[in-house]
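Asks: Quick one, what's the 3D model for this:
(chains A and B)
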Amino acid sequence: MIYNAKYEAINRTELEQLQIERLQLTLNRVYRNVKFYKNKFNEYNVNIENINSVNDIKNLPFTTHDDLRNAYPYDMFAVPLRDIVRIHTTSGTTGKPVVVGYTKNDLHNWSEVVARTLISAGVTNQDIVQIAFNYGLFTGGFGFHYGAERIGASVIPASASDNFQKQLTIMRDFKTTVILSTPGYILSIIQAVAESGIHAEQLFLKTGLFGAEPWSLSLRSYIEEKLRIKAYDTYGLSEIIGPGVAAECEYKCGLHINEDHFIVEVIDPKTMNPVKPGDPGELVFTTITKEGFPLIRYRTGDISSVNNVSCTCGRTLARMTRVSGRTDDMIFFNSTKFFPSQIEKVILTAEGVEPNYQIILDNKDGADTIEVKIEISDKLPAFDEIKGLELLKTNIVKSLETELGIMKPRITLVEPKSLKFVADNKTVRVVDNRKK
Amino acid sequence: MLKLRNLESGYGNLKVLRKVSLHINPGEIVTIIGANGAGKSTLLNTISGVIKPRGGEIYFSGNRIDGMPPEKIVTLGTALIPEGRELFASMSVYENLRLGAYPQYTRKNVDEINLTRNRVHAMFPVLKDRQYQLAGTLSGGEQQMLALSRALMSNPKLIMMDEPSMGLAPLVVKKIFEAITQLRKDGITILLVEQNAKLALSVADRGYVMETGQVMIEGTSADLLNNRDVQRAYLGKEYKKIND
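Replies: Next up, the predicted model:
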């Protein structure tokens, strides 16, 4: 099924016209209304009137995550604050998250692209949709909520709590047919199913849509087998709009990008030049319908490849392959994202010395766990006292929870020089034993 | 149906249109809204060949028409209803209509032209009653009907209208806009330039908002009605709040 065939199955010549129109007017608006872009274009000597085709987009400067963080909270908004009807933030970053604003039309477009996502996975207005994404500043919960409402499904705003049994009870008693969550979260639900002795066939689930963090094909087979469902990949990020940037159709041969709203490019993260069509590289998006928070050439850090060979499903929109990794060492953990360097900073602040540490990610009984092993050293002020060490541990746990949003981290203090760091002559700061 | 890419146009040293790109699909009513001096009329005059573009491309039904003389562009199936109507005031209603068919006129298709005239008369019976009256003596509303009818005489596929509501009484405006909706039902594509944004958006499928020669906003009529910039600048929404 196709939600909006006019755009999802648009002839690509018409799409190019639509994209250039929308790109030009977005540039006109950001140049007038966003100081950052005015300065940046001037600095790079870019005259936006020389952008004559979608291909000319490569002459524009990039926008990075740091740019967005420096704009905290509202400097990237292209409309006055009174025109903003919704504010979300990106998840789990230190101190300053990226604040994104939506106008009424932005929310309308957002629900449209999420509706497309759901319809392409076969969800209909007959379905009972349980949304086990966090409702809050994170875009996952509300984004999927409005999309599911738009198509007329019965929506259960279950949100993502730690109470997996409750989630399962809802799923069974409310006869949920479609489950939406992060891949990590569904693993915990699968575990809860196993513990409760319920057989997957006693549930009513047919379909699952998962996203917000990279997951592998083998994990998909595992989820599909355990829950007896069809599992679909979705792609989105709060900076661009939230869920709804791209989604798989029934043929599962890549995720269709909603190119009438977002222009996609793939670049080599080192040279920053475009890669050959179909080659892997870093995804770069330009929003062309956003009013509140438009972004020009935003570097996502996600690695994928894009091709625009038309699909058996009838959509002509380009397809991206599943995100295979990151250009940086970002860690996805229970719907939060963070870098090892951020953990290092927390330990440094608590200990006062340069730490030797290792982050171990695992999945125990269905739930993702994080353990940080820290070598104690005689430089530590509290080295001699057990009490002092305990206090140190509590402080680190508290900081990780409040500053990075990492829930229930385990801190283990280990003997000096007991951590093995070398693998292929590279320091291994992160060991990921989770099912991928 | 109509596609503009990076259109640039102006008068003398004055650059009016700065890289305008837009498109109209067959059967659509698309409106261009914007303040005085935004370049709306220049846009229509450039599309219809009255002003030569300085850069960019214009495609009509797949043919590139920028740089063509206006009469050629008309024979391809477009008609412009200029701002202020520009009737031949000292000629009769009948003659004005006849001139509208001029580009199509050959001895062979006199019958066809008469048929078109009958259709136009059916739409605006008053024009039939006043066939032999001088166009300059008609009321403003009748003049606008005549201007529209004159455009229809060339059997256009695309009609471009510049400020059809200008200077007309509300009841007459209503009638003109009913005619516009009817023309769309008859399969004619319409590009409508209007200062009365609310009125234009009530009949249009989509719209573009122009400011100082550039397109700033594009969207369906509903999108534009929801856009706060449009509400403030063209719909007088916040004025109302102050007065309330």
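
Asks: All the helices of the chain, residue numbers only.
Replies: Unless you meant another one, I'm taking chain A. A:5-8, A:12-33, A:35-43, A:65-70, A:104-120, A:139-150, A:164-173, A:183-196, A:217-227, A:340-351, A:386-399 (DSSP state H).

Asks: that's the wrong chain, I meant chain B
Replies: Under DSSP H, chain B gives helices at B:40-47, B:70-75, B:93-100, B:110-123, B:125-129, B:140-152, B:170-185, B:197-203, B:221-226, B:228-234, B:237-243.

Asks: Pull the residues that contact the longest one.
Replies: With contacts defined as CB atoms under 8 Å, 6 or more residues apart in numbering or on different chains, helix B:170-185 is touched by B:27, B:29, B:123-124, B:140-141, B:144-145, B:148, B:152, B:159, B:161, B:164-165, B:168, B:190, B:192, B:196, B:199, B:202-203. Any C-beta I mention is one placed from the backbone N, CA and C, and that applies to glycine too.

Asks: Can you flag the buried ones in those residues?
Replies: B:29, B:123-124, B:141, B:144-145, B:148, B:152, B:159, B:161, B:164-165, B:168, B:190, B:192, B:196, B:199, B:203 (16 or more other CB atoms under 10 Å in any protein chain shown).

Asks: buried residues in stretch A:108-122?
Replies: By neighbour count on 16+ other CB under 10 Å, the buried set for stretch A:108-122 is A:108-121.

Asks: Which one of these is nearest to chain B?
Replies: A:H108 (7.2 Å; CB to the nearest CB).

Asks: Is it correct that that closest one is in contact with B:N226?
Replies: Yes. The pair A:H108 / B:N226 is scored as a contact, 7.2 Å apart, by CB atoms under 8 Å.

Asks: Common neighbours of these two, please.
Replies: If you check A:H108 and B:N226 against CB under 8 Å, 6+ apart, no residue is contacted by both.

Asks: Contacts only, for A:G141.
Replies: So A:G141 contacts A:131, A:133-135, A:157, A:159-160 (CB under 8 Å, 6+ apart).

Asks: ok, B:K157 - contacts?
Replies: Contacts of B:K157 by CB under 8 Å, 6+ apart are B:1, B:26, B:61, B:77-78, B:188-189.

Asks: Revised request: answer the last question for B:D186.
Replies: With CB under 8 Å, 6+ apart, B:D186 has no contacts at all.

Asks: returning to that earlier point: ok, and of the buried residues of stretch A:108-122, which contact chain B?
Replies: When contact is defined as CB under 8 Å from any CB of the partner chain, the buried residues of stretch A:108-122 meet chain B at A:H108.

Asks: Could you list the low-pLDDT ranges of chain B?
Replies: B:237-244 (pLDDT under 70).

Asks: Give me the spatial nearest neighbour of the residue of the stretch 1-150 of chain A found nearest chain B, chain neighbours excluded.
Replies: Proximity of the stretch 1-150 of chain A to chain B (CB to the nearest CB) peaks at A:D83, 4.2 Å away. Nearest residue to A:D83 in three dimensions, chain neighbours excluded: B:R228, at 4.2 Å (CB to CB, 6 or more residues apart in numbering or on different chains).

Asks: Show me what from chain A comes close to chain B.
Replies: A:14, A:17-18, A:20-22, A:24-25, A:28-29, A:49, A:52, A:79-80, A:82-83, A:103-105, A:108, A:289, A:291.

Asks: Pull out the buried residues from the residues you listed.
Replies: Looks like these have A:14, A:17-18, A:20-22, A:24-25, A:28-29, A:49, A:52, A:79, A:83, A:103-105, A:108, A:289, A:291 buried, using 16+ other CB under 10 Å.

Asks: I'd say the residue of the stretch 1-150 of chain A closest to chain B and A:T103 touch.
Replies: Yes. With contact defined as CB under 8 Å, A:D83 and A:T103 form a contacting pair (5.4 Å).

Asks: Between these two, which contacts overlap?
Replies: Here A:D83 and A:T103 have A:291-292, B:228 as joint contacts, going by CB under 8 Å, 6+ apart.

Asks: wait, which of those residues is closest to A:A9?
Replies: Distance to A:A9 across the shared contacts of A:D83 and A:T103 (CB to CB) is lowest for A:E291, with 25.7 Å.

Asks: Distance check, that closest one against A:N105.
Replies: Relative to A:N105, A:E291 is positioned 6 Å away (criterion: CB to CB, to the nearest Å).

Asks: before we move on, back to that, want to throw the shared contacts of A:D83 and A:T103 into a markdown table with distance to A:S305?
Replies: Output for the shared contacts of A:D83 and A:T103, formatted as a markdown table (distance: CB to CB, whole Å):
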| residue | distance to A:S305 |
| --- | --- |
| A:E291 | 30 |
| A:G292 | 30 |
| B:R228 | 39 |
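
Asks: And stretch A:134-142, what's buried?
Replies: Buried residues in stretch A:134-142 (16+ other CB under 10 Å): A:134, A:137-142.

Asks: Now for A:E291 and A:N105: what residues contact both?
Replies: Joint contacts of A:E291 and A:N105 (CB under 8 Å, 6+ apart) are B:N227.

Asks: Up against chain A, what does chain B have?
Replies: Going by CB under 8 Å from any CB, the residues of chain B near chain A are B:3, B:5-6, B:18-19, B:21-23, B:214-219, B:223, B:226-229.

Asks: Report the buried members of those.
Replies: The neighbour count (16+ other CB under 10 Å) marks B:3, B:5-6, B:18-19, B:21-23, B:214-219, B:223, B:226-229 as buried among the residues of chain B next to chain A.

Asks: returning to that earlier point: go through the residues of chain B next to chain A and flag which are in strands.
Replies: By the criterion of DSSP state E, membership of the residues of chain B next to chain A in strands covers B:3, B:5-6, B:18-19, B:21-23, B:214-219.

Asks: What is the neighbour count of B:T181?
Replies: Using other CB atoms under 10 Å in any protein chain shown, B:T181 has 12 other residues around it.

Asks: Most proximal residue of chain B with respect to chain A?
Replies: Using CB to the nearest CB, B:R228 is the residue of chain B that sits closest to chain A, at 4.2 Å.

Asks: next one: phi and psi at whatever residue of the stretch 201-350 of chain A ends up closest to chain B?
Replies: Chain B sits closest to A:E291 of the stretch 201-350 of chain A, with a gap of 7.0 Å, by CB to the nearest CB. The phi and psi values for A:E291, taken as degrees, to the nearest 10, are phi -100, psi -40.

Asks: Surely it touches A:A78?
Replies: Yes. Assessed by CB under 8 Å, A:E291 is found in contact with A:A78 at 6.7 Å.

Asks: From B:L191, how far off is the closest residue to A:N28 other than its chain neighbours?
Replies: Leaving aside its chain neighbours, A:N28 sits nearest to B:Q214 (4.8 Å; criterion: CB to CB, 6+ apart). B:Q214 is 18 Å from B:L191, where distance means CB to CB.

Asks: is the residue nearest the centre of chain B in a bridge, and if so with what?
Replies: Residue closest to the mean C-alpha point of chain B, counted by CA atoms, centre = their mean, is B:M161 at 1.2 Å. Beta-bridge partners recorded for B:M161 (DSSP bridges): B:I81, B:L192.

Asks: Let me see the contact set for it.
Replies: Residues in contact with B:M161 (CB under 8 Å, 6+ apart) are B:81, B:148, B:180, B:190-193.
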